[in-house]
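A.B. asks: How does the following fold in three dimensions:
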Amino acid sequence: MSIPLARIPSIDFLRGFVAVGRRMSITLAAQDLFLTQSAISRQIHTLESALGMKLFERAHRAIRFTPEGERLFLAADNAMQQLQDAIGTLRASMAQQPVTITASIGFIGLWLLPRLPRFQQIHPELEVRLSANNNIVDLRKEGLDIAIRYCAGESMPAGARRLFGETIFPVAHPSLGIARLDDPEIIARSVLLEFEGVESPCWQWESWLDRQGWAGVRPKGIVRFNLFDQMIHAAIAGQGIALGRSQFIRPMLDDGRLLALPTPQPGPPSNKVFCLLQRDHTPSKETQALIDWIVAEARHTDTLPLAG
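C.D. replies: Take a look at the predicted model:
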């Protein structure tokens, strides 16, 4: 037999009753609910009055259930635990999760990280998680929200958004004393730093030298890198002349850590672009905020004047 919902006692009174029943102590129940002992006692008294029955038998320093109280506790405790579990699950699902973005080490280290403080100033409440990886992965399966990928412009993945292309030219630290790369003798006495992470003529010194008409010129040495950021750090350290990507090294050019070295002829053009993929067609507001910010930053990157 059940009663109408309107006749069920207040949940505050039932919560106080369950708290006492779980601890068999008014003092400890009061501590659990951050209430005074007198407030808990009033809740129990009010509940007993509403039900018309005693729920506890009180001794000098202890309490115990009456048969009616024990029966009510078994039902109320189970219902309260289910309510606790349900509310806990709902709150966990609503808790803000970090926005996870995956990109190459070079993109994260040289493009994203220097700019990220600006995003954090705008959205200090948002947590961003970075995953350095340029492999094609299932974003949903891997728990990723955004992916930045490097590919040929004509073969961008379906649904991808173009961020910017790349402009490549020789760069070196000022300590090398090179202002222009306009004499093959400079090549002959220099160490060339080459990025071999991409199989493209625009990243190969052989193709660049051929474009200048210096196909037979041999450099003092060549050091090859499979990570773009490592090559750039080597160039900043004065270890040789590198082929730099303007979109990534603009801060180094602006502050003088690197110098752009003009050549008589432009190097091989690149058809590569950086593009953005998002996991969800309608992302969370947090993910959308990061997407919008990246797109805006990329738009500015793509319109920067060329160095040199």
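A.B. asks: list the contacts for Met231?
C.D. replies: Leu193, Glu194, Phe195, Phe225, Ala242 (Cβ atoms under 8 Å, 6 or more residues apart in numbering). Using the backbone N, CA and C atoms, a C-beta is placed for each residue, glycine as well.
A.B. asks: Widest-spaced pair of those residues?
C.D. replies: Spanning the widest gap among the contacts of Met231 are Phe225 and Ala242, at 8.7 Å by Cβ to Cβ.
A.B. asks: what touches both of the two?
C.D. replies: Leu193, Glu194, Phe195, Met231, Ala234.
A.B. asks: Can you list which of those residues are found in helices?
C.D. replies: Met231, Ala234 (DSSP state H).
A.B. asks: now the shared contacts of Phe225 and Ala242 as a markdown table including distance to Pro114?
C.D. replies: Shown next, in a markdown table, are the shared contacts of Phe225 and Ala242 (distance: Cβ to Cβ, whole Å):
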| residue | distance to Pro114 |
| --- | --- |
| Leu193 | 21 |
| Glu194 | 24 |
| Phe195 | 19 |
| Met231 | 17 |
| Ala234 | 19 |
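A.B. asks: number of nearby residues for Gln265?
C.D. replies: 10 (other Cβ atoms under 10 Å).
A.B. asks: again with the one 10 residues further on
C.D. replies: Other residues within reach of Cys275 by the criterion other Cβ under 10 Å amount to 20.
A.B. asks: Settle this for me: it is touching Arg161, isn't it.
C.D. replies: Yes - distance between Cys275 and Arg161: 6.1 Å, which falls inside the contact criterion (Cβ atoms under 8 Å).
A.B. asks: now the helices: where do they sit in this structure?
C.D. replies: According to DSSP H, the helices that the chain contains are 11-23, 26-33, 37-51, 67-94, 105-106, 113-122, 139-142, 184-188, 205-211, 228-236, 246-254, 285-302.
A.B. asks: For Arg129, find the nearest of those helices.
C.D. replies: helix 285-302 (10.7 Å).
A.B. asks: Quick check: mean pLDDT of the closest one?
C.D. replies: Across helix 285-302, the average pLDDT comes to 91.
A.B. asks: buried residues in it?
C.D. replies: Buried residues in helix 285-302, defined by neighbour count with 16 or more other Cβ atoms under 10 Å: Glu286, Thr287, Ala289, Leu290, Ile291, Trp293, Ile294, Glu297, Ala298, Thr301.
A.B. asks: and what of stretch 242-250?
C.D. replies: Ala242, Leu243, Gly244, Arg245, Ser246, Gln247, Phe248, Ile249, Arg250.
A.B. asks: likewise stretch 263-281?
C.D. replies: Within stretch 263-281, the residues that count as buried by 16+ other Cβ under 10 Å are Thr263, Gly267, Ser270, Lys272, Val273, Phe274, Cys275, Leu276, Leu277, Gln278, Arg279.
A.B. asks: which intervals of the protein have sub-threshold pLDDT?
C.D. replies: 92-96, 136, 302-308 (pLDDT under 70).
A.B. asks: On the strand side of things, show who Arg129 bridges to.
C.D. replies: With DSSP bridges applied, Arg129 shows beta-bridge pairing to Thr100.
A.B. asks: can you pull the contacts of it?
C.D. replies: Pro98, Val99, Thr100, Ile101.
A.B. asks: Distance to Ile146 added to these, as CSV?
C.D. replies: Listed next are the contacts of Arg129 as CSV, based on distance: Cβ to Cβ, whole Å:
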residue, distance to Ile146
Pro98, 12
Val99, 7
Thr100, 7
Ile101, 4
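A.B. asks: Can you verify my assumption that Ala30 contacts Gln37?
C.D. replies: Yes - counting by Cβ under 8 Å, Gln37 is a contact partner of Ala30 at 4.7 Å.
A.B. asks: of those two, who's got more company?
C.D. replies: Using other Cβ under 10 Å, the more surrounded residue of Ala30 and Gln37 is Ala30, with 20 against 14.
A.B. asks: ok so, going back, which of the buried residues of stretch 263-281 sits closest to Ala19?
C.D. replies: Proximity of these to Ala19 (Cβ to Cβ) peaks at Arg279, which lies at 43.1 Å.
A.B. asks: Verify the contact between that closest one and Asp138 for me.
C.D. replies: No - with contact defined as Cβ under 8 Å, Arg279 does not reach Asp138; the gap is 9.1 Å.
A.B. asks: nearest residue to Ile222 other than its sequence neighbours?
C.D. replies: Counting by Cβ to Cβ, 6 or more residues apart in numbering, Leu192 is the residue found nearest to Ile222 once chain neighbours are left out, at 5.0 Å.
A.B. asks: residues in contact with the one you found?
C.D. replies: If you count contacts by Cβ under 8 Å, 6+ apart, Leu192 has them with Trp205, Pro219, Gly221, Ile222, Val223, Gly240, Ile241, Ala242.
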